[in-house]
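Asker: here is a sequence with its predicted model. Questions after.
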Amino acid sequence: MAVKKKMAILFLVDLVIIWFSICSAYFFRFEGPAPEQYANQMFLYCAISSVLCGLSMAYFGMYRKMWQYASVSEMFSMCVAVTIGWGLSFLATTIVSDLRVPLSVAVRTLETSLLLIGGIRVIWRVIRLRQGKGVDRRIPTLIYGAGDCGALVAREFKGQAMDDHKLIGFVDDARDKHNLTMHGLPVLGGRADLPTLVEVFKIKEIIIAIPSVPRSQVSEIINLCMACGVKIKIIPGINDLIKGKISVSAIRNVDVEDLLGRDPVHTDLQGIADYVHNKVVLITGAGGSIGSELCRQVASFAPDKLLLLGHGENSIYTIEMELKHKFPGMLFEPIIADIQDRRRMEEVFDAYRPQVVFHAAAHKHVPLMEKNPAEAVKNNVFGTQNVADCADKYGTERFVLVSSDKAVNPTSVMGATKRIAEMYVQSLNASSRTRFASVRFGNVLGSRGSVIPAFKAQIARGGPVTVTDPQMVRYFMTIPEAVQLVIQAGAISQGGEIFILDMGEPVQILKLAEDLIRLSGYEPYIDIPIHFTGIREGEKLFEELLTAEEGASKTQHERIYIGKPEVISREDLARELNKLNRVIAGGADDVKEAIEQLVPLYEQVS
């Protein structure tokens, strides 16, 4: 009812303006009261205009618009409605009246009507904008980067009438840009000035528009912005700038990957097309985080057939449907199978004869495997043995094992079983036509077992966020990076290698938790508490990528290294594996003791 009342009042105001416009036009025309014969015409003109102008403005929706948000298009519609109503009224009055309406009266009537009807709406909009305790409700925003990308962002915001953001200016580390202006916005200072600028201008949001700057510098800037307590958004990458894709919709929130301080690893995957193109490729664990991304990237090189092997039917069905949508016409074969089932593995290899195998199936959860060591052995050791033996028997050309940094000086059952798997494929490589290789990397962001989803879920519940130890550090990489390394390893492998990615500096888990809390808009220890739970069974504070004996040598890829292959006797290893197999049915302590015999560097953490 309140809205209808306001619109009715506005309609009455418009009628008063129309009458005033006509009467004042006659007054100025005759320099005083209109003569009697024109006085009658004046009242007739007012009556006709009230009806026709009112109908015209109603037809154009002038009483359905929220004028406090009016833009140029609404004002243009108002002008059209008033002009049409005025024209019809002028013609109708001229026809009905005995006298012709003076042209000067008609013109002055239109001028006054447009001025007052438009003016009253502009005044209404200004008054409403000044309401709300006089506070500008737009978000005070800075753009970090006064280069090409920053200019595009500023232009996009202005061009799209971003009424919810108020651009204050730019921040840039180049001193020669300071005190200059771009798109009418000043370059206010550099990185050191950021805390002061945030305080003085009450900045609520900073858009980082420096896509070509190294990730380590971006990480520093993000940390500085978070320390200032502002919301942060970022331009995705330099490719978007080159391709002209920068738009308001392309600006995204800062994610944890931006905080790693390491430029992503890029590999030339075109160079590996030959070894998977038109080949039958088998991916085990195809429904998992790594396995499904392997499927996506391998499928882009048009293998003859892609075999999706996994134990969970839902995950295999999901990745199969995704691939069929992205790669119509390609042959996919979903295979529900357990790698622990030797006979089933024989059936799969005999039926499809895969030429390339990526073995990603494994149990990876450290605390769970400590409680279930026999299952870790059966899956990670003997499951790998089954797949590797079948690859050797059925003439697979290349076999790539997905391993873990936890295989180095392992303190967990999971890490030790992955080390045994590495040892087995290395020993098999010595006598096989198949090229066997292992790929070792750290924690994967966004995977099912990653700490990131757990932290995000805890933050969404309001905390607390649980961290095992304030000193714990881990290496991190993204899922696409990990998969690129796996594929690249298969391309450059000569057999028997362990490939390792240079993942930069390790990340402190406590800092990661604090950063995630801040990125979610909260303050750690104040809004979201952090609790320390103590190191879990099988965990250690620091992870390593190489044993002291392995050393490392470079490959043609600057970020990929090779651990020196160890000489492993297949006969000795087979003997120890038989012992391990015999104790699986026993207790957890027996299994762990057997693992120690196989992996001398394995240390159980009590």
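Answerer: Perfect, I can see it now.

Asker: surely Arg440 and Val486 touch.
Answerer: No - counting by Cβ atoms under 8 Å, Arg440 does not reach Val486; the two are 10.4 Å apart. From N, CA and C alone the C-beta is placed, and that goes for glycine too.

Asker: any chance you could map the helices in the stretch 501-606 of the chain?
Answerer: In the stretch 501-606 of the chain, helices defined by DSSP state H, counting those that start in this stretch lie at 509-519, 570-583, 588-598, listed in chain order.

Asker: those helices into CSV, with extra columns for mean pLDDT?
Answerer: Formatted as CSV, these follow (pLDDT from 0 to 100):
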stretch, mean pLDDT
helix 509-519, 79
helix 570-583, 85
helix 588-598, 85
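
Asker: list phi and psi for Gly496.
Answerer: Backbone torsions of Gly496, given as degrees, to the nearest 10, read phi 90, psi 0.

Asker: distance of Ser300 from Met330?
Answerer: 10 Å (Cβ to Cβ, to the nearest Å).

Asker: what does Ile492 give?
Answerer: To Met330, Ile492 is 25 Å away according to Cβ to Cβ.

Asker: and those two? Which one has more around it.
Answerer: Ile492 (18 against 15; other Cβ atoms under 10 Å).

Asker: can you list contacts of the helix or strand where Arg343 lies?
Answerer: Here Arg343, judged by DSSP states H and E, is contained in helix 342-352. By Cβ atoms under 8 Å, 6 or more residues apart in numbering, the list of residues contacting helix 342-352 from outside reads 280, 282, 305, 307, 309, 333, 335, 337-339, 386-387, 390-391, 393-394, 396.

Asker: please indicate which of those are buried?
Answerer: 280, 282, 305, 307, 309, 335, 337-339, 386-387, 390-391, 394, 396 (16 or more other Cβ atoms under 10 Å).

Asker: restricted to strands, list the residues you listed.
Answerer: Val280, Leu282, Lys305, Leu307, Leu309, Ile335 (DSSP state E).

Asker: residue contacts, the second one?
Answerer: Taking Cβ under 8 Å, 6+ apart as the definition of contact, the neighbours of Leu282 are Leu307, Leu309, Val348, Tyr352, Pro354, Val356, Val357, Phe358.

Asker: okay, the residues you listed in TSV with pLDDT and distance to Glu422 next?
Answerer: What follows is the contacts of Leu282, written out as TSV (pLDDT from 0 to 100; distance: Cβ to Cβ, whole Å):
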residue	pLDDT	distance to Glu422
Leu307	96	23
Leu309	96	21
Val348	96	23
Tyr352	96	26
Pro354	97	21
Val356	95	19
Val357	96	15
Phe358	96	15
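
Asker: out of the residues you listed, who's nearest Leu224?
Answerer: Phe358 (40.7 Å; Cβ to Cβ).

Asker: bridged to that closest one, which residues?
Answerer: On the basis of DSSP bridges, Phe358 is bridged to Ile283, Val400.

Asker: oh, and call the first residue 17 from now on, that's how I've got it
Answerer: With 17 as the first residue, the last one maps to Phe374.

Asker: how about it, what does it touch?
Answerer: Val297, Leu298, Ile299, Thr300, Gly307, Leu310, Val314, Val416, Val418, Val502, Ile503, Gly506.

Asker: if I look at it, how far off is Val502?
Answerer: As judged by Cβ to Cβ, Phe374 and Val502 stand 6 Å apart.

Asker: mutual contacts of the two, please.
Answerer: Residues touching both Phe374 and Val502 (Cβ under 8 Å, 6+ apart): Leu310, Val416, Val418.

Asker: the second one contacts Gly506, doesn't it?
Answerer: Yes - assessed by Cβ under 8 Å, Val416 is found in contact with Gly506 at 4.6 Å.

Asker: please enumerate the shared neighbours of those two.
Answerer: With Cβ under 8 Å, 6+ apart as the test, Val416 and Gly506 both reach Val372, Phe374, Ala453.

Asker: distance of the second one relative to Gly304?
Answerer: If you measure Phe374 against Gly304 using Cβ to Cβ, the figure is 11 Å.

Asker: do the same with the last one
Answerer: Distance, Ala453 to Gly304, by Cβ to Cβ: 20 Å.

Asker: secondary structure class of the residue nearest to Tyr61 when sequence neighbours are not counted, three-state.
Answerer: Sequence neighbours aside, Thr109 is the residue nearest to Tyr61 in space, at 4.5 Å (criterion: Cβ to Cβ, 6 or more residues apart in numbering). Following DSSP: H, G, I helix; E, B strand; the rest coil, the label given to Thr109 is helix.

Asker: ok, Thr109 - contacts?
Answerer: Per Cβ under 8 Å, 6+ apart, neighbours of Thr109: Gln57, Leu60, Tyr61, Ile64, Ser65, Val117.

Asker: any regions of the stretch 167-316 of the chain where pLDDT drops low?
Answerer: Per-residue confidence for the stretch 167-316 of the chain (pLDDT under 70) gives these ranges: 174-179, 231, 252-289.

Asker: quick one: the strands in it?
Answerer: 181-187, 197-198, 201-202, 221-224, 247-250, 268-269, 296-300 (DSSP state E, counting those that start in this stretch).

Asker: how about the helices in the stretch 17-166 of the chain?
Answerer: Under DSSP H, counting those that start in this stretch, the stretch 17-166 of the chain gives helices at 18-46, 52-75, 88-112, 119-146, 164-175.

Asker: and the third one, what's buried?
Answerer: So that's helix 88-112. Buried residues in helix 88-112, counted by 16+ other Cβ under 10 Å: 90, 93-94, 97-98, 100-102, 104-106, 108-109.

Asker: relative to helix 119-146, how tilted is it?
Answerer: Using axes from the mean of the first three to the mean of the last three Cα atoms, to 10 degrees, the direction of helix 88-112 lies 150 degrees away from that of helix 119-146.

Asker: go ahead and confirm Ala437 touches Val418.
Answerer: No - checked against Cβ under 8 Å, the pair Ala437 and Val418 is beyond contact range at 9.5 Å.
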